[in-house]
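Participant: structure here, sequence nowhere to be found:
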C-alpha cells in the first residue's frame, strides 16, 4: 500500500484533515504547537480569514491561543492553507495516507464509531460549515417510544439535559441542530423554533423546530414568500447558507438576531451576517405553519442594522434596545416597531440612559416596565440593571439587594411571574456558573398609574430588585456559556400545573454546543431570606441524593414509636384542620418532634452545603487543568518564539562583531588622519613665521633700495 497520497487538491487536503480528526491506530501524538498550527490552517482553508471576535475569557487559554494562531494567518489563500496543512502533516506523519486507508478498510468490515465520526467530520468539512475538531460525534438516536415530553423531563431546582429524537430518522442517527451560539428561539404552540446562529465563525441559516410533547427535532425547509427581495440580495443570502444547507438557500445566514412570536408568526429582527455593509435594520417574517419567509416592507425611519440587541414585545409593539453595528460599535438607542402597521418610530426618552452595549437581556414586567440587565462592549462588561417606563418614557435604576452579581454579557433571561431568571453569560475572566433569579415584586407601581402615571413610575423607580442564586453548574458546563437561547415553556398535557419550566439551547464556553437543557423553577416566596452569596446559592442548588434521604430518615427511625407515628401518620395532617374547624385547639407539637425536624433541616442544609462545595471544588480542579493546558500551549509557542529570537540574536551578535572590527579600523584611520592634521597644523604655524621673516627681508630690501637711490 502506497504511503503517498495520490489525490489532487482539494481532495488531498480533505483526506489529510480527515486523518487529523480521526487519529487512527498507529498515528503519532503531535506536539501541542503542531496541533495548534494544523487547527489554524484547517480553519483558514475551510472558513477563510479569521473575522470572529476574540472569545470571552473562560479561564482556559487554549481557545484564545487557537483564535490568535488562526488570526495570525491573515489573508492567506485557501489553497495555500491546504498545501501547508498537508505539508505539515507529511513532516510529522509521512505514512498518514496508508494509515487512513487501513482505518477505512477496517471500518468496512466492522463499524467503528471513531471512523464514523471521522466520516461525519469530513462530510461537514465539504459543506458550508466546518465542525470544531474537539466536538464529539452526536449521540445515537434514542428510541422514540422511551422519550418523554420535554416538560416531563424537568426536575425542580436542577438543570437536566433533554433526551430528544429526530423526525424521520428511523434506522439511522437522530438528527439535531449543529452546535452554535448567538442563535434565536421562540415558542409557537407546542413547538420551539431555533433559527440561525454562529458555528466555528460561520453564520448559519438553518431553521429547526422542537416538538415539546414528543421531544422531536425537525429540520424545516423554508421557501421564499410573496414579498421578494432584489435578485442580487437573494443570491447573496443563498451564498451564505447554513451548514445544513437544508433551507434551500432561502433564509439568510444570521447570528445575534432576535426572534419574537406574535399571532402565530416569527418576527426576526437584525442580526450579524456575512455582509458588513451599513444599512437599515431588516425585518424578516417567518410563517412556521406555511413554512415560508418574507421581508415585508416597513414604514417610518428604521434603525441602523445591528446584532446582539434585545427585543421585548409589549402588546403589538416590539421594543428594540441597544446592540452593536457591523463595525462592532456599541449602540444605546431605543426603537419601536408596531407589528400591526409595520411602522418604525424612535421615542424620545428622558432620564439617565444606560451606556451603549450589546449581548444584554431584557424583559417586560407588568405590561409596562422594560428591565435591561448586563451586556458589554469591546472594552467593558456590565452588571447594572436599568428600568424603562414605557408610559412616561423615562429611564431609571431600581435599587438592588441580595446576592452579589458579577458582570456578564451573552446571557439569556426569561420571566416567570414576578421572577426573572437569568442563565449563562461570561466576562473577560470566566464564564458565569450561576442561575440568577431577580425578584421583581419589590418594584411596585403596577396596580395603578396614579396622577398621569407619574406616581406608579416613581414607585417603580424607587423600588428594588432582590437577586438570588437558585442553581449552580460547573465552570465548563453547557449552561456556563455565552450566546445561549432561553425560553419559558408552556405546561404540557401531562403536567398542566407546571408552567414554570425553562429550556436552554446551544452556547459557547470554549466549545460550540448544541446541548438542550431543561429546568423547573422552584416557587420563590417573597418573604424568604433568599441567597446572600454565591456560595450559598450553590449549596441551595444541590440536588437531593439517596444519601441525603437516608440521613433524613435516620432520625425518624431512631425516634420513639410515638414520635414516629406523629411524623409518618397520614391522618394527623387531616385531623388538625378538622379539630380547628370544630373549635378545638390543635395539639401542640412535642419538643422531640420539633428537635427531630430541626435536626433533619440541619442535615439537609449540611448536605446541600457539602454538595455545593464539592461542585465548586470540581470546577476549580477543571479550571486548573484547563489553565495548565493553556499554559503548556502558550509555553510551546513561547519556546518557538524564543528559538527564533535566539537565532536573531546570534545573527545580531555576528553583525555586531563585524561592526566592531570595522569600527576599530575606522578608529585607526581617524587617528592617522589626526596625526597628519597635527603635522599640517605645525607646518602652517611655521609658514606664518616664514611669511613674517620674508616681510622683514622685503622691508630691508626696500629700505636699502631707497638709501641707494638717495645716495646716488
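Facilitator: Structure's in. What do you need? Not measured: the values here are computed from a predicted model.
Participant: check which helix or strand residue 598 maps to.
Facilitator: Using DSSP states H and E, the element containing residue 598 is helix 591-711.
Participant: for that helix, what is the distance to the chain centroid?
Facilitator: For helix 591-711, the distance from its own C-alpha centre to the chain's C-alpha centre is 43 Å (CA atoms, centre = their mean, to the nearest Å).
Participant: over to stretch 419-438?
Facilitator: Its chain's average C-alpha position is 12 Å from that of stretch 419-438, according to CA atoms, centre = their mean.
Participant: centroid residue for this structure?
Facilitator: Centre of the chain computed as the mean C-alpha position; nearest residue by CA atoms, centre = their mean is residue 482, 3.2 Å away.
Participant: what's it in contact with, if anything?
Facilitator: 56, 181, 359, 409-411, 424-426, 431, 507-509 (CB atoms under 8 Å, 6 or more residues apart in numbering). Where C-beta positions appear, they are placed from N, C-alpha and C, glycine not excepted.
Participant: can you do 6 Å?
Facilitator: Applying CB atoms under 6 Å, 6 or more residues apart in numbering, one finds that residue 482 lies in contact with 56, 410, 425, 426, 508.
Participant: surely residue 357 touches residue 330?
Facilitator: Yes. Contact between residue 357 and residue 330 holds when scored by CB atoms under 6 Å: they sit 5.3 Å apart.
Participant: sorry, back to before: which two of the contacts of residue 482 lie the greatest distance from each other?
Facilitator: Longest distance between any two of the contacts of residue 482 is 11.1 Å, between 425 and 508; criterion CB to CB.
Participant: remind me which helix or strand residue 387 belongs to.
Facilitator: Secondary structure here is read from DSSP H and E; on that basis residue 387 sits in strand 385-389.
Participant: pairing partners for that strand, with directions?
Facilitator: Based on DSSP bridges, the pairing partners of strand 385-389 within the sheet are strand 369-373 (antiparallel), strand 394-396 (antiparallel).
Participant: strand partners (parallel or antiparallel) of the helix or strand just after the shortest one?
Facilitator: The C-terminal neighbour of strand 394-396 among helices and strands, as given by DSSP H and E, is strand 399-402. Based on DSSP bridges, the pairing partners of strand 399-402 within the sheet are strand 464-472 (parallel).
Participant: got the buried residues for the partner strand?
Facilitator: Going by neighbour count (16 or more other CB atoms under 10 Å), the buried part of strand 464-472 is 464, 465, 466, 467, 468, 469, 470, 471, 472.
Participant: show me where the stretch 51-200 of the chain dips below the pLDDT cut-off.
Facilitator: The model of the stretch 51-200 of the chain has pLDDT under 70 over residues 55-61, 105-146, 167-174.
Participant: can you list contacts of the helix or strand where residue 193 lies?
Facilitator: With the criterion set as DSSP H and E, the secondary-structure element containing residue 193 is strand 191-199. Around strand 191-199, the neighbours that count as contacts under CB under 6 Å, 6+ apart are 129, 178-186, 204, 207-211, 254-255, 259, 487, 512.
Participant: equivalent analysis for stretch 211-226, please.
Facilitator: Residues lying outside stretch 211-226 but in contact with it, judged by CB under 6 Å, 6+ apart, are 147, 149-150, 164-167, 176, 190-191, 207-210, 246-248, 250-251, 291-294.
Participant: select only the buried ones of these in ChimeraX?
Facilitator: Of the contacts of stretch 211-226, the buried ones go into a single ChimeraX selection, burial set by 16+ other CB under 10 Å:
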select :147,149,150,164,165,166,176,190,191,207,208,209,210,246,247,250,251,292,293,294
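Participant: re earlier: find residues that contact each of residue 357 and residue 330.
Facilitator: residue 377.
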